[in-house]
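Fold the following, please.
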Amino acid sequence: MVGVRKFGVNEPATLNDKWHQGSLTKSMTATLAGLFVDEGLVTWTSRIVDVFPEYAGKMHADWKEVTLEQLLSHRSGAPGDLKAGGIWDRLWNHPGTPREQRLFLLQAVTAVAPKSKPGTAYEYANAGYALAGAMLEKIANKPWEEVITEKLFVPLGMTSAGFGVPATPRYINQPWGHTFEKGAPVPVAPGIEADNPPGIGPGGTVHCSLRDMARYAAFHLAGDRGECQFLRPATFQKLHGDVANQGYALGWEVTKRDWGGGKVLHHTGSNTQWFSNIWLAPIRNFAVVVLTNIGGDSAFQATDAVAAKMIQQFL
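Model (predicted):
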């Protein structure tokens, strides 16, 4: 671990510090869905309308066939850009709890036609994951934040896991996020405005330590080998399987690399002020996680360069 918690302040980052994981949250939400499937609480083909029949009368007809798997594989027709129609601004200004925000988002998104016919096209969409999270919390009758903590983080020993930016306002008790402007990092003060709206949580608000991300990576590697104690091998195959040969599974990009012996899983995450980069090579039983508390293209380039160096050195 190198670097500081806040640019311009000599407070070193540590292995136990918490880092915003952005869209690495997506595979966690998909894994939670897999736990629900294994428990018989839901199926991959369960539809939004099956879980929310009370909204059926206000849903566009095409949304009534959208399934949990389609939401998690970005094939539901959920829009990647919520600014159209003012949904994003309304979500930002919504005064309710994260769960109430997701119910608002569910009603707003499904009231109009999907951007594409469900099941026919890929479009990366945080909204799809928010809707999947709403389905899971409706079934559990608990907020997604509580359910994923109880069913995933606690069993894995991810004691640092939480939601939103990790530091306390005005304090440097955890790393701060940074933007990159005019060639220099610019610290962003912690607070609710330093992250996406909490309602979008299932798509990208988890924070945790590097150690706990390593635990999570090891859990997925073990699952791919069929050695996980609380999730079936077939469920891991579903989570890691390329859907419709689109290069995306359920929360993971799927590609091939010679250094990985073939199939590898990858994802990045950022709320524009942090950057996470993870690679899994199940065939080689190898994983790399690189994190930084700065966003932007330079963060992607830096984390990818570090990942490449680690792969070269250790694999």
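
measure the nearest residue to residue 104 once chain neighbours are set aside to residue 48 for me?
Excluding its sequence neighbours, the residue lying closest to residue 104 (Cβ to Cβ, 6 or more residues apart in numbering) is residue 94, at 5.5 Å. For the C-beta atoms, the positions are set from N, CA and C on the backbone; glycine is no exception. Noted for residue 94: a distance of 20 Å to residue 48, by Cβ to Cβ, to the nearest Å.

and the two? which has more neighbours close in?
Set side by side, residue 94 and residue 48 show more neighbours around residue 48, with 28 against 18, by other Cβ atoms under 10 Å.

Does residue 92 touch residue 197 like I think?
Yes. Under the criterion of Cβ atoms under 8 Å, residue 92 lies in contact with residue 197, with a separation of 5.4 Å.

Those two: which is more packed in?
Legend: neighbour count by other Cβ under 10 Å for residue 92 and residue 197, higher for residue 197 (22 against 15).

What number of residues are in the vicinity of the nearest residue to that one once chain neighbours are set aside?
Excluding its sequence neighbours, the residue lying closest to residue 197 (Cβ to Cβ, 6+ apart) is residue 91, at 4.9 Å. Neighbours of residue 91 under the rule other Cβ under 10 Å: 21.

which parts of the host helix or strand of residue 31 are buried?
According to DSSP states H and E, residue 31 maps onto helix 25-38. For helix 25-38, a neighbour-count test (16 or more other Cβ atoms under 10 Å) marks 25-37 as buried.

pLDDT of it, averaged?
Averaged across helix 25-38, the pLDDT comes to 98.

From the rest of the structure, what touches that helix?
By Cβ atoms under 8 Å, 6 or more residues apart in numbering, the residues outside helix 25-38 that reach it are 42-44, 68, 72, 129, 132-133, 136, 139-140, 144, 147-148, 151-152, 201-206, 216, 220, 230-232, 235-236, 238-239, 250-252, 267, 269.

sorry, back to before: and which of the buried residues of helix 25-38 is nearest to residue 116?
residue 26 (19.3 Å; Cβ to Cβ).

Please list all residues in contact with residue 23.
Taking Cβ under 8 Å, 6+ apart as the test, what residue 23 contacts is 126, 203-204, 267-270, 276.

Stretch 268-288: how far from the chain's middle?
Relative to the centre of its chain, stretch 268-288 is centred 11 Å away, using Cα atoms, centre = their mean, to the nearest Å.

Same check on stretch 161-178?
18 Å.

Only C-alpha atoms, please: export that stretch in PDB.
The C-alpha trace of stretch 161-178 is given here as PDB (Å, rounded to 0.1, in the frame of the first residue of the first chain):
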ATOM      1  CA  ALA A 161     -17.800  -3.300   4.200                       C
ATOM      2  CA  GLY A 162     -20.200  -0.500   4.200                       C
ATOM      3  CA  PHE A 163     -21.900   2.000   1.800                       C
ATOM      4  CA  GLY A 164     -21.000   5.400   0.300                       C
ATOM      5  CA  VAL A 165     -17.800   7.300   0.800                       C
ATOM      6  CA  PRO A 166     -16.000   5.900   3.800                       C
ATOM      7  CA  ALA A 167     -14.500   9.000   5.500                       C
ATOM      8  CA  THR A 168     -16.300  11.300   8.100                       C
ATOM      9  CA  PRO A 169     -16.900  14.900   7.000                       C
ATOM     10  CA  ARG A 170     -14.100  17.200   8.000                       C
ATOM     11  CA  TYR A 171     -11.900  14.300   9.200                       C
ATOM     12  CA  ILE A 172      -9.200  12.300   7.500                       C
ATOM     13  CA  ASN A 173     -10.000   9.100   9.300                       C
ATOM     14  CA  GLN A 174     -10.300   7.200   6.000                       C
ATOM     15  CA  PRO A 175      -9.200   8.000   2.400                       C
ATOM     16  CA  TRP A 176     -10.900  10.900   0.700                       C
ATOM     17  CA  GLY A 177     -11.900  10.700  -3.000                       C
ATOM     18  CA  HIS A 178     -10.200  12.900  -5.600                       C
END
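
Only the buried residues of it, if you could.
161-167, 174-178.
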